[in-house]
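Asker: make a model of this:
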Amino acid sequence: MSGRISRGPLIATAAAVISAVALLVVTNPLRQPDGVGAFVDPAAGDRAALVDQSQGPDGSATTGTPTPAGAGPADTSAPPTDTPPGATPPGTLPPVVDHGPRTGNKVALTFDADMTDAMRYQLRSGAVRSYANLKIIERLEQDAVPATFFLTGKWVEQYPEVTRRIADNPRFELANHTYGHLAFTGDCYGLPRIARRKMTDDVARTFDIVAAYGGRQTRYFRFPGLCHDRTALTELAPLGLTVVDGDVVSGDPFATAWRPIVRAVLDGVRPGSVIVLHVTEANAPMTDEALPHILAGLAERGLEPAPLSEVLGAPAVAPAR
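Answerer: Just a heads-up that it's a prediction; the model follows:
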């Protein structure tokens, strides 16, 4: 996905610089060439067959789904059909997916809802008006377009009514983007790094916060900046989730024009693609203008937005009430 990331100008103040880097997207260090570790069927019955292409301590690729020390034997049975999409047996290394099968015509629109302490400061100080782009939600509602929202816990706490609105729409899925958008690896665009001992609780806390809103819950998770390594995956193994990166990065954070966003999406999209966008208005101010053109371009290519779970081939689950 290198070459598609659009970096806009950094904000002058130190606090804004921190919030800016929180949204810049990094090339996934775990990504493999297309067809190698790129797609794992979350509905597959044989969980032992899931392949991890993470880096080992020596930097070499590793395979298999080793059970973290002290976690006990891995449960390789398929989860019950009423489990949320993306659920995997707790204790197994989470699968990492970029996209779904390259068949059919479905693609997933995913929107990250970032929120850092620096962004909260910007709101309190009046430096920015909003990190919730309601125009995006209104367009999706108006055109009856399915989408999946990766929510940080702090964003949900800042915008409970907007979260409720998302959860109440049966076309929208809810997923996890950590609690406060901290880095899970070193050198992740300058983001403050979360301690290893806090990683599991951070993500578990966010699942609990999001679950309270009902709707179409998932066990999908996205790392801030797409930065992750084997250590981070191991710490999340107890939570039974699927890590979702994305094969089409829009470059919408801090874009100053909508056309490059549209071009980045339409140049890279293919059947099964997972498109990464942002719903954080002040830090991604052109996304709402780009969205209608993206939708039109997808339609021209015969591609249809669908919930992430459908694109990845997970079994359908009724919304929680």
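Asker: alpha carbons only for contacts and neighbour counts from here, please
Answerer: OK.
Asker: run through the residues that contact the nearest residue to A282 once chain neighbours are set aside.
Answerer: Spatial nearest neighbour of A282, excluding adjacent residues (C-alpha to C-alpha, 6 or more residues apart in numbering): Y131 at 5.4 Å. Going by C-alpha atoms under 8 Å, 6 or more residues apart in numbering, Y131 touches M115, V279, T280, E281, A282, N283.
Asker: state the number of residues packed around the last one.
Answerer: When you say that, I think you mean N283. N283 has 28 neighbouring residues, counting by other C-alpha atoms under 10 Å.
Asker: number the chain from 477, please
Answerer: Got it, the first residue is 477 from now on, which makes the last one we talked about N759.
Asker: okay, it: pLDDT?
Answerer: N759 is assigned a pLDDT of 95 by the prediction.
Asker: that one against F730, yeah?
Answerer: Yes - counting by C-alpha atoms under 8 Å, F730 is a contact partner of N759 at 5.4 Å.
Asker: which stretches in the chain count as helices?
Answerer: 490-499, 593-601, 610-618, 629-634, 636-644, 675-687, 706-712, 735-744, 763-776, 784-788 (DSSP state H).
Asker: packing partners for the fourth one?
Answerer: Using 3 or more C-alpha pairs under 8 Å, 6 or more residues apart in numbering; DSSP states H and E as the contact test, the elements touching helix 629-634 are helix 675-687.
Asker: what is the helix it packs on packed up against?
Answerer: Applying 3+ C-alpha pairs under 8 Å, 6+ apart, we find helix 675-687 packed against helix 629-634, strand 648-652, helix 706-712.
Asker: centroid residue for this structure?
Answerer: R698 (3.6 Å; C-alpha atoms, centre = their mean).
Asker: tell me where the protein is predicted with low confidence.
Answerer: Within the chain, the ranges that satisfy pLDDT under 70 run 477-557, 790-797.
Asker: D705 against A659, yeah?
Answerer: No - taking C-alpha under 8 Å as the definition, D705 is not a contact partner of A659, at 11.1 Å.
Asker: neighbour-wise, which of the two wins?
Answerer: Neighbours of D705 and A659, each counted by other C-alpha under 10 Å, are more numerous for A659; the result is 25 against 19.
Asker: okay, now the closest residue to the more buried one other than its chain neighbours: neighbour count?
Answerer: Spatial nearest neighbour of A659, excluding adjacent residues (C-alpha to C-alpha, 6+ apart): R669 at 4.5 Å. Residues lying near R669 (other C-alpha under 10 Å) number 14.
Asker: again with G773
Answerer: 16.
Asker: and the nearest residue to it once chain neighbours are set aside, what does it touch?
Answerer: Leaving aside its sequence neighbours, G773 sits nearest to L742 (C-alpha to C-alpha, 6+ apart; 6.7 Å). Applying C-alpha under 8 Å, 6+ apart to L742 gives the contacts I770, G773, L774.
Asker: same question, L712
Answerer: L569, P570, M675, T676, V679 are the contacts of L712 under C-alpha under 8 Å, 6+ apart.
Asker: repeat that for S749.
Answerer: D574, H575, G576, R578, K582, V583, A584, G722, D723, V724, V787.
Asker: do that again at 7 Å, thanks
Answerer: Contacts for S749 (C-alpha atoms under 7 Å, 6 or more residues apart in numbering) come out as H575, G576, V583, A584, D723, V724.
Asker: hmm, the second one is touching L788, no?
Answerer: Yes - judged on C-alpha atoms under 7 Å, G576 makes contact with L788 at a distance of 4.4 Å.
Asker: before we move on, back to that, most packed of the helices of the chain?
Answerer: helix 784-788 (a mean of 25; mean count of other C-alpha atoms under 10 Å).
Asker: can I get it in CSV, CA atoms only?
Answerer: Extracted in CSV, the C-alpha atoms of helix 784-788 (Å, rounded to 0.1, in the frame of the first residue of the first chain):
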residue,chain,number,x,y,z
LEU,A,784,-16.8,-5.9,6.8
SER,A,785,-18.0,-9.3,8.1
GLU,A,786,-19.7,-10.0,4.8
VAL,A,787,-16.6,-9.0,2.8
LEU,A,788,-14.4,-11.3,5.0
